[in-house]
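Novice: when you get a sec, could you give me coordinates for this:
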Amino acid sequence: MTDLVLESLSVGTLNNLSLTVPSGQVLCISGPSGSGKSRLLRAVADLEPHGGRVSLGDTAQFDVAAHTWRSRVVMVPADSQWWFDDVGGHFSGDSASRLPSALGFPPGVMGWSVSRLSSGERQRLALWRALAVQPEALLLDEPTANLDNDSTEVIETWLLDEIRRRQIAVLWVAHDPAQIHRVADAHYRILGTRLERDHGSD
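Specialist: Residues are numbered from 1 along each chain as shown. As a prediction, the model looks like this:
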């Protein structure tokens, strides 16, 4: 089991943030638009310059190559990136054939053109693409923002099952209080330049 640890992290207007995300748990981050939620995730993913220290178990972020870190600490941005024309080109090994039924796709989805995917379909596939690389930590930026309520709860249930079973440490940016209540083991709000724990979600 591997915890994700932030020590005195500073990025953008956020300063001196320290917290631990235990393996197998979900820590939700909320805050006003523009408060730095996405930049915080990008810093943890080594995609944004920052101060302080981030570590995964005994491994410090700056002690390994960026691509190595990002294969262990995987970010799913709000708008996922797709670089091949077809869906299947983004999945390696048997991950395409193991596509979970909870995602709601027909068997032929790997042959689809990426251009035909809706924003919600892209979000669901991006989540499986991230899990398929066997991450030890996940950074989720509003991962269900483009889904309807029914689909959101199905995806939440599936994701939480995967997180618990694999013991993945998760930072999950969310804005919906009901979702935070459903998925969070702990909830922190961005207030100005700092993070403050919301004990109402315990």
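
Novice: and the residue nearest the centre of the chain, which of the three is it?
Specialist: Centroid-nearest residue in the chain: residue 140, 2.1 Å away (criterion: CA atoms, centre = their mean). Per DSSP: H, G, I helix; E, B strand; the rest coil, the secondary structure class of residue 140 is strand.

Novice: wait, what's in contact with it?
Specialist: Residues in contact with residue 140 (CB atoms under 8 Å, 6 or more residues apart in numbering) are 75-76, 127, 170-173. Yep, even glycine has a C-beta here, placed from its N, CA and C like the rest.

Novice: just list whatever residues bridge to it.
Specialist: residue 76, residue 172 (DSSP bridges).

Novice: and of the contacts of residue 140, the nearest to residue 185?
Specialist: Checking the contacts of residue 140 against residue 185 by CB to CB gives residue 170 as the nearest, at 8.9 Å.

Novice: what about that closest one, neighbour count?
Specialist: When neighbours are defined as other CB atoms under 10 Å, residue 170 has 26 of them.

Novice: quick one: it from residue 182, how far?
Specialist: 14 Å (CB to CB, to the nearest Å).

Novice: could you say which helix or strand holds residue 189?
Specialist: Of the helices and strands defined by DSSP states H and E, residue 189 is found in strand 186-191.

Novice: and that strand, what's its mean pLDDT?
Specialist: Averaging the model's pLDDT scores along strand 186-191 yields 96.

Novice: just the strands in this protein please.
Specialist: For the chain, the strands defined by DSSP state E occupy 4-11, 14-21, 26-30, 51-56, 59-60, 73-76, 137-141, 169-173, 186-191, 194-197.

Novice: format these as JSON lines; extra columns: distance to residue 85.
Specialist: Below are the strands of the chain laid out as JSON lines (distance: least, CB to CB, whole Å):
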{"stretch": "strand 4-11", "distance to residue 85": "34"}
{"stretch": "strand 14-21", "distance to residue 85": "36"}
{"stretch": "strand 26-30", "distance to residue 85": "34"}
{"stretch": "strand 51-56", "distance to residue 85": "34"}
{"stretch": "strand 59-60", "distance to residue 85": "36"}
{"stretch": "strand 73-76", "distance to residue 85": "21"}
{"stretch": "strand 137-141", "distance to residue 85": "25"}
{"stretch": "strand 169-173", "distance to residue 85": "30"}
{"stretch": "strand 186-191", "distance to residue 85": "38"}
{"stretch": "strand 194-197", "distance to residue 85": "41"}
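
Novice: that's all I had, so thanks and see you.
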